[in-house]
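**Q** Here is a sequence together with a model predicted from it:
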Amino acid sequence: MPITHSAAWQELTARREELSTRHLRELFAEDPDRFARLSLSVDGLLADFSKQRIDGRTLELLIELARSADIVRWRERMFAGEPINTSENRAVMHPALRHLKLTPFPTADHDVMPEVREVRAQMRAFSERVRGGLWRGFSGEAIRDVVNIGIGGSDLGPKMVVRALSSYQRAGLRMHFVSNLDSAHLAPLLDSLDPRSTLFIVASKTFTTQETMLNAFTARQWLCAAAGEQAARALPLHFVAVSSAVDKVREFGLPPENIFRMWDWVGGRYSLWSAVGLPIALAIGMTGFERLLAGAQAMDNHFCHAPLERNLPVLMAMIGIWNTNFLGAETCAVLPYNEALRFLPSFLQQLEMESNGKTVGRDGLPLSCHANPIVWGEIGSNGQHAFFQLLHQGGWLVPSDFIASAHSDYPLPGHQAPLMANFLAQSAALAFGKTEAEARSELQAAGVPADKITELLPNKVFAGNQPSTTLLLPRLSPYHLGMLLALYEHKVFVQGVVWGINSFDQWGVELGKQLAGRLLPALCGEVGTEGLDPSTRALIGWCREYGNF
Ligand SMILES: O=P(O)(O)OC[C@H]1O[C@](O)(CO)[C@@H](O)[C@@H]1O
């Protein structure tokens, strides 16, 4: 039965009629305990849902909706290692990667932990050698620059975490991430590097991704040219790979000891906890990386054991569903007030939109409702000076997640308090707005003449009622970052279950790849453009006239 036919969905639809006319001002005025009732803290991570347009009954119904989607059983199935990624017949076991107990996972009969621990030990040994200056390049120099070559899940997660935890980076390695096919990404970086002290990590689960392989081949050529006669010896001293396609890595020229394995039960966008996180281990050390894993594991435990009504990922997921499917929000903004979380919005874009950006359900039938909204975002306070105008007065419903850490790891005097003041002010302004009466009395108090007040007044009113969740970390430590990221992962999982989606495949990325493969020879003039659509044919003509392929 489609989820939209469930009793909870029907009741929520009726509830929408009532709540869509209520203002957050009224909801707060009616209930002085709203913050206490609608916030939750787990291990120091605080989530405040009180500025969401919900009330107690709505929340009860949302939890009932999660139950009618059989969330408890689906959660058990994921943690039991069942092949819930049905279109690819794969288990989904990224929680195994942060399982730090000495017990099997998922079961004693099918325990992946020996392999996982082996790769962790390999990561520890390797990262200690590189960080300690013991891993030497072809000319005997220690490594100073590390370049991760990967894209999508093999780039966004480690890049985001390395940036987020930059204040924990002590070994002095310079970390770089190259993802784009555009040579404007790799070329200037190579110009700035010394091949004798550069280490490349080629991260690709499949080891076939066009962007990654092209960048890897170009980097290999660059190294070999610099190493000259020592090229064959230099390759394994300057390249390692993270992949599940061991044979392909061998063909690339790397020996088994340079290969960090991953498994088909880890999806790319869920893989930063695997050896894809090698740049993180190199940047902050393996012990720091394991603190990240520990935080994620704490969130796994909470997700598995907390009652649904007090379960952070479940609450976040269901409130998101309320905003999308009942209040009609088409987008969702991620607004981290922390410079170090600069790449979090892009990471979450892949996590959410590649997982749940779908219209077909697990059963192959069209979904009976919309699934993932469009996720976008920017760090604060920069966003305030770019698009917040629209959030405040643009008339669109845009739910947002405000994220910050109370403690700054870069304590320049006088910065953190104003940052946090802006962080708190924006969610309050979006929620409560400014009424016409308030705007009028402010203008009067400022001595603005009456005719000018009439002219200005419409511009000075803020409708408010924009819902937001505030996520507050005590500090952006590896542990709390791990918690935060696992929170979003499980939120996505819960939403996928309710919408009836397989959140772990991504067929939608294939068509463009296929077409690019067909167009490449046409662009290079090796085949004609007959049979292509007129727009593409004409564009190829232009590209060939001006391009330097
Ligand atoms: O790690 P790989 O196999 O190079 O894939 C990179 C990315 O490409 C995708 O398959 C999408 O094109 C992502 O799901 C994945 O994270």
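**A** Thanks, I have the structure now. Everything numeric in this text was worked out from a predicted model, so none of it was measured.
**Q** Please count neighbours and contacts with C-alpha atoms only from this point.
**A** OK.
**Q** My guess is residue 466 contacts residue 431. True?
**A** Yes: at 5.0 Å, residue 466 counts as touching residue 431 under the criterion of CA atoms under 8 Å.
**Q** quick check, residue 402 in a helix?
**A** No: counting by DSSP: H, G, I helix; E, B strand; the rest coil, residue 402 is not found in a helix; it is strand.
**Q** Counting neighbours, what do you get for it?
**A** Residue 402 has 23 neighbours, counted by other CA atoms under 10 Å.
**Q** shouldn't it be in contact with residue 430?
**A** No: between residue 402 and residue 430 there is no contact, the gap being 11.3 Å when judged by CA under 8 Å.
**Q** Please list all residues in contact with residue 237.
**A** If you count contacts by CA atoms under 8 Å, 6 or more residues apart in numbering, residue 237 has them with 135, 136, 137, 138, 199.
**Q** Roughly how far does the last one sit from residue 515?
**A** In this case it means residue 199. Distance from residue 199 to residue 515, counting by CA to CA, to the nearest Å: 34 Å.
**Q** Show me which of those two is the more surrounded one.
**A** The neighbour comparison of residue 199 against residue 515 (other CA under 10 Å) goes to residue 199, with 27 against 10.
**Q** Which element, helix or strand, includes the more buried one?
**A** Per DSSP states H and E: residue 199 is located in strand 198-203.
**Q** immediately after that strand, which helix or strand?
**A** Using DSSP H and E, the first helix or strand after strand 198-203 is helix 210-227.
**Q** Neighbours of the residue of the stretch 351-500 of the chain found nearest the ligand, how many?
**A** Nearest to the ligand in the stretch 351-500 of the chain, going by CA to the nearest ligand atom, is residue 354, at a distance of 7.2 Å. Using other CA under 10 Å, the number of residues around residue 354 comes to 20.
**Q** Distance of it relative to residue 332?
**A** If you go by CA to CA, the gap between residue 354 and residue 332 works out to 15 Å.
**Q** Also residue 504?
**A** In terms of CA to CA, residue 504 sits 21 Å off from residue 332.
**Q** who's more crowded, these two?
**A** Shown here are residue 504 and residue 332; by other CA under 10 Å, residue 504 has more neighbours (26 against 21).
**Q** Can you tell me which residues in the stretch 401-549 of the chain are near the ligand?
**A** Applying CA under 6 Å from any ligand atom, one finds that the stretch 401-549 of the chain approaches the ligand through residue 509.
**Q** now the residue in the stretch 401-549 of the chain that the ligand sits nearest to, what's its secondary structure?
**A** Per CA to the nearest ligand atom, residue 509 is where the stretch 401-549 of the chain lies closest to the ligand, at 5.4 Å. Taken by three-state DSSP, the conformation at residue 509 corresponds to helix.
**Q** Distance-wise, check it relative to residue 516.
**A** Look at residue 509 and residue 516: by CA to CA, they are 12 Å apart.
**Q** which residues of the stretch 1-150 of the chain fall in helices?
**A** Taking DSSP state H, counting those that start in this stretch to define them, one finds helices in the stretch 1-150 of the chain at 7-19, 24-30, 34-37, 56-68, 71-79, 94-97, 113-131.
**Q** And the strands in the stretch 351-500 of the chain, which stretches?
**A** 374-377, 400-407, 468-475 (DSSP state E, counting those that start in this stretch).
**Q** would you list these in CSV and tack on distance to residue 270 and mean pLDDT?
**A** Below are the strands of the stretch 351-500 of the chain laid out as CSV (distance: least, CA to CA, whole Å; pLDDT from 0 to 100):
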stretch, distance to residue 270, mean pLDDT
strand 374-377, 17, 98
strand 400-407, 20, 98
strand 468-475, 21, 98
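**Q** As TSV, the ones you listed with distance to residue 78 would be great.
**A** TSV is the format used below for the strands of the stretch 351-500 of the chain (distance: least, CA to CA, whole Å):
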stretch	distance to residue 78
strand 374-377	25
strand 400-407	26
strand 468-475	26
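**Q** closest to residue 112 out of the ones you listed?
**A** Residue 112 lies closest to strand 468-475 among these, at 31.7 Å (CA to CA).
**Q** which strands and helices sit next to the closest one?
**A** Helices and strands touching strand 468-475, by 3 or more CA pairs under 8 Å, 6 or more residues apart in numbering; DSSP states H and E, are strand 45-48, strand 400-407, helix 416-432.
**Q** 10 Å - rerun?
**A** strand 39-42, strand 45-48, helix 312-321, strand 331-336, strand 400-407, helix 416-432, helix 478-499 (3 or more CA pairs under 10 Å, 6 or more residues apart in numbering; DSSP states H and E).
**Q** quick one: the third one to chain centroid distance?
**A** If I follow you right, that is helix 312-321. Its chain's C-alpha centre and that of helix 312-321 lie 16 Å apart, by CA atoms, centre = their mean, to the nearest Å.
**Q** Need the CA coordinates for that helix. CSV is fine.
**A** Extracted in CSV, the C-alpha atoms of helix 312-321 (Å, rounded to 0.1, in the frame of the first residue of the first chain):
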residue,chain,number,x,y,z
LEU,A,312,17.4,12.3,16.5
PRO,A,313,17.7,10.9,13.0
VAL,A,314,14.0,9.8,13.0
LEU,A,315,12.9,13.2,14.2
MET,A,316,15.0,15.0,11.7
ALA,A,317,13.8,12.8,8.9
MET,A,318,10.1,13.0,9.8
ILE,A,319,10.2,16.8,10.2
GLY,A,320,11.8,17.0,6.8
ILE,A,321,9.0,14.9,5.4
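**Q** Give me the angle between it and strand 400-407.
**A** Angular relation of helix 312-321 and strand 400-407 on a 0 to 180 degree scale: 150 degrees, by axes from the mean of the first three to the mean of the last three CA atoms, to 10 degrees.
**Q** tell me what helix 312-321 is packed against?
**A** By 3+ CA pairs under 10 Å, 6+ apart, helix 312-321 packs against strand 39-42, strand 45-48, helix 56-68, helix 286-305, strand 468-475, helix 478-499.
**Q** Just want the angle from the fourth one to helix 478-499.
**A** The one in question is helix 286-305. 40 degrees.
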